[in-house]
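Asks: Structure here, sequence nowhere to be found:
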């Protein structure tokens, strides 16, 4: 298995990492049967990919075997923005039978954390995600990994995330503070509920918070 180096913004920032630890703990409290988790958002550039990468790393820090899947086969930025890799195969190749899972999974510099990139853009991403081969893939990797974190396209723009969520144990919605309108978030939430997937909660990203207030209970609760 080849190794790629991940570039995670904020990996050395104490308060950022503490926030991810809180997020990780909240996911653990959702139950032992919550192992395959979809990460989505309403729009582009809300930070869902960065959050997916960090929460995968956070679980691997506990010694859990984690696979991060980039299921944004339409417009993925993970390879060029978050790695030093020149990846030639990924999820799309696995689902179309052009490559095996073992050929497309990469190790990272973080022990126990592996990654499956999106691969080349296919003409039919919805059909691939809704087909039997994706369901078979999920069953296979559930036997290998403790946690599967799946980064999906924004549900406010395309339906892919709802299709993936229907086959997972839970979904987390990432919301950029100040950029997402209430009605838009409600529409995305309604679409997730229609998929009959458990909505685990939401992550409010890019919030402005004074560090001195971080551990005050009232501010922390907000």
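Replies: Yes, it's here. Note that the structure is predicted; figures quoted are calculated from it, not measured.
Asks: List the residues that contact residue 192.
Replies: Residue 192 makes contacts with 40, 155, 161-162, 165, 171, 173, 199, as judged by Cβ atoms under 8 Å, 6 or more residues apart in numbering. For the C-beta atoms, the positions are set from N, CA and C on the backbone; glycine is no exception.
Asks: Output those residues in TSV, with distance to residue 90 and secondary structure appended to each entry.
Replies: Listed next are those as TSV, based on distance: Cβ to Cβ, whole Å; DSSP: H, G, I helix; E, B strand; the rest coil:
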residue	distance to residue 90	secondary structure
40	19	strand
155	21	coil
161	18	helix
162	21	helix
165	20	helix
171	22	strand
173	24	strand
199	27	strand
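Asks: The residues you listed, buried ones only, as a PyMOL selection?
Replies: Selection command for PyMOL covering only the buried members of those, criterion 16 or more other Cβ atoms under 10 Å:
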select buried, resi 40+155+161+162+165+171+173
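Asks: Closest one of the contacts of residue 192 to residue 96?
Replies: Nearest to residue 96 among the contacts of residue 192 is residue 161, at 20.4 Å by Cβ to Cβ.
Asks: returning to what we had before: got the contacts of residue 192 as TSV, with pLDDT columns?
Replies: TSV is the format used below for the contacts of residue 192 (pLDDT from 0 to 100):
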residue	pLDDT
40	93
155	90
161	93
162	93
165	94
171	93
173	92
199	92
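Asks: Show me the strands in the protein, by range?
Replies: Assigned by DSSP state E, the chain shows strands spanning 3-4, 36-41, 66-70, 105-108, 113-116, 147-151, 170-176, 199-205.
Asks: Pipe these into TSV and attach distance to residue 59 per row.
Replies: Shown next, in TSV, are those (distance: least, Cβ to Cβ, whole Å):
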stretch	distance to residue 59
strand 3-4	18
strand 36-41	10
strand 66-70	5
strand 105-108	13
strand 113-116	8
strand 147-151	5
strand 170-176	13
strand 199-205	14
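Asks: right, and those - which one's nearest residue 14?
Replies: Shortest distance between residue 14 and these, using Cβ to Cβ, is found for strand 199-205: 17.9 Å.
Asks: buried stuff in the closest one?
Replies: Within strand 199-205, the residues that count as buried by 16+ other Cβ under 10 Å are 200, 202-203, 205.
Asks: Max pairwise distance over those: which two?
Replies: The distance between the two most remote of these (Cβ to Cβ) is 15.5 Å, for 200 and 205.
Asks: just checking, residue 199 touches residue 170?
Replies: Yes - contact criterion Cβ atoms under 8 Å: residue 199 and residue 170 qualify, at 7.2 Å.
Asks: how about low-confidence regions in the protein?
Replies: 208-222 (pLDDT under 70).
Asks: Just the helices from it, written as ranges.
Replies: Assigned by DSSP state H, the helices in the chain fall at 14-28, 48-61, 78-82, 91-95, 101-104, 125-130, 132-142, 160-165, 182-194, 217-221.
Asks: Can you lay out those as CSV showing distance to residue 1?
Replies: Supplementary listing: those in CSV, determined by distance: least, Cβ to Cβ, whole Å:
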stretch, distance to residue 1
helix 14-28, 25
helix 48-61, 15
helix 78-82, 17
helix 91-95, 15
helix 101-104, 7
helix 125-130, 24
helix 132-142, 14
helix 160-165, 24
helix 182-194, 33
helix 217-221, 40
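Asks: Nearest to residue 70 among those helices would be which one?
Replies: helix 78-82 (4.9 Å).
Asks: List just the nearest of the buried residues of strand 199-205 to residue 178.
Replies: For the buried residues of strand 199-205, the nearest to residue 178 is residue 205 (10.1 Å; Cβ to Cβ).
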